[in-house]
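Novice: Coordinates for the following, if possible.
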Amino acid sequence: MPEGHSVHRLARQFQDVFGGRRLDVSSPQGRFAAGAELLTGHVLVEAMAHGKQLFLRFEHGLFLHVHLGLYGAWSFGGDSSFTGASSIGAPRRIGERETGSAAEEAEYSGPPAPVGAVRVRLISPHGWADLRGATTCAAISSAEAQTVLDRLGPDPLHNRTGDREEFINRLRRRKTAVALLLMDQSVLAGVGNIYRAEVLFRQAVDPWTPGSSIDAETAGRLWDDTVDTMSDGVRDGRIVTTPSALWTSGGPVAPDADAHFVYKRNGLPCRACGTLVGMTEIGARKLYWCSGCQV
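Specialist: Next comes the predicted model:
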């Protein structure tokens, strides 16, 4: 499932290529036909993300609300003025790397015929975007959008005044293991399996520690490190949590094998202490950790 940094990059993409433009909205697959009818012909005013939720606000007050889930993905294409990542969504490789440009190589003559089950298609004079496989795709009112937001915890990529304290309070009032709480979107919005494992390692926190047993200073460090690592992900378009000193390439870009401390490194020596990295399941998701460092 794409983590929050990818959805924030996606919001930026939509704002850049569709913001202020009147869009044709359709549902080639047919499942979103009624919602498309409510949105088509209106100007996209603002694209915004909170955690893993994407909201596209139109001039008449309705929103397109999308949660990509495990299999959702957006694809883009258009003329030379329509630039950005050519596909953003379900990760195709570790780090959710995004490559390519949305601009067509040949002269642009309009969107191609839909390929596969395209839930929704957005078209402007300069380009198009297709959505496939999303868990949520709905046309909703401002009040309904607020209801979704009210269910979510603070987003580290907004990092608004009071967000850090709110996260600390939400984390410390629960007796649930911190590894579960970091992926509970009502506690912290946007963190997925990679950031969860990496931040807990970087801050040397035992994943099974109850939230109520974590002191405020440690909880604050978890917030701060999540802000830093996710902000790097927005900038770079992939998740890299290791310093360049650990990259075997010697270049400016981390090889995928060197990008993480513990995520998907089970059975390999910890980069810090040499203990074999462990892997288990918690909350039906794989958890990676170092029993030597995270005590």
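
Novice: For Leu64, name its beta-bridge partners.
Specialist: In this structure, Leu64 has beta-bridge partners Leu56, Ala139, where bridges are defined by DSSP bridges.

Novice: Leaving out the residues flanking it, which one is nearest to Val43?
Specialist: Sequence neighbours aside, Glu59 is the residue nearest to Val43 in space, at 4.3 Å (criterion: Cβ to Cβ, 6 or more residues apart in numbering). (Glycine included, C-beta is placed from N, CA and C.)

Novice: Test my guess that the one you found contacts Val45.
Specialist: Yes - counting by Cβ atoms under 8 Å, Val45 is a contact partner of Glu59 at 5.4 Å.

Novice: ok, which stretches of the stretch 151-295 of the chain are helices?
Specialist: Secondary structure of the stretch 151-295 of the chain, counting by DSSP state H, counting those that start in this stretch: helices at 163-172, 178-181, 193-202, 216-236.

Novice: Against which helices or strands is the longest one packed?
Specialist: For helix 216-236, the contact count by 3 or more Cβ pairs under 8 Å, 6 or more residues apart in numbering; DSSP states H and E identifies helix 4-18, helix 163-172, helix 193-202 as packing neighbours.

Novice: one step back: including mean neighbour count, distance to Trp208 and mean pLDDT, could the helices of the stretch 151-295 of the chain go into JSON lines?
Specialist: JSON lines is the format used below for the helices of the stretch 151-295 of the chain (neighbours: other Cβ atoms under 10 Å; distance: least, Cβ to Cβ, whole Å; pLDDT from 0 to 100):
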{"stretch": "helix 163-172", "mean neighbour count": "19", "distance to Trp208": "14", "mean pLDDT": "98"}
{"stretch": "helix 178-181", "mean neighbour count": "24", "distance to Trp208": "7", "mean pLDDT": "98"}
{"stretch": "helix 193-202", "mean neighbour count": "24", "distance to Trp208": "10", "mean pLDDT": "98"}
{"stretch": "helix 216-236", "mean neighbour count": "18", "distance to Trp208": "14", "mean pLDDT": "97"}
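
Novice: Out of the ones you listed, flag the one nearest Val148.
Specialist: Closest to Val148 of the helices of the stretch 151-295 of the chain, according to Cβ to Cβ: helix 163-172, at 17.4 Å.

Novice: Which secondary structure state does Val66 sit in?
Specialist: Here Val66 is recorded as strand under DSSP: H, G, I helix; E, B strand; the rest coil.

Novice: Skipping adjacent residues, who's closest to it in space?
Specialist: Leu54 (4.5 Å).

Novice: cool, and Leu70?
Specialist: Using Cβ to Cβ, 6+ apart and skipping residues adjacent in sequence, the residue nearest Leu70 is Met1, 5.1 Å away.

Novice: Tell me if I'm right that the one you found and Lys52 touch.
Specialist: Yes - at 7.2 Å, Met1 counts as touching Lys52 under the criterion of Cβ under 8 Å.

Novice: Now for these two: what residues contact both?
Specialist: 68, 192 (Cβ atoms under 8 Å, 6 or more residues apart in numbering).

Novice: Just the pLDDT for the closest residue to Val178 other than its chain neighbours.
Specialist: On the basis of Cβ to Cβ, 6+ apart, the spatially nearest residue to Val178 that is not a chain neighbour turns out to be Thr209, at 5.1 Å. According to the predicted model, the pLDDT of Thr209 comes to 98.
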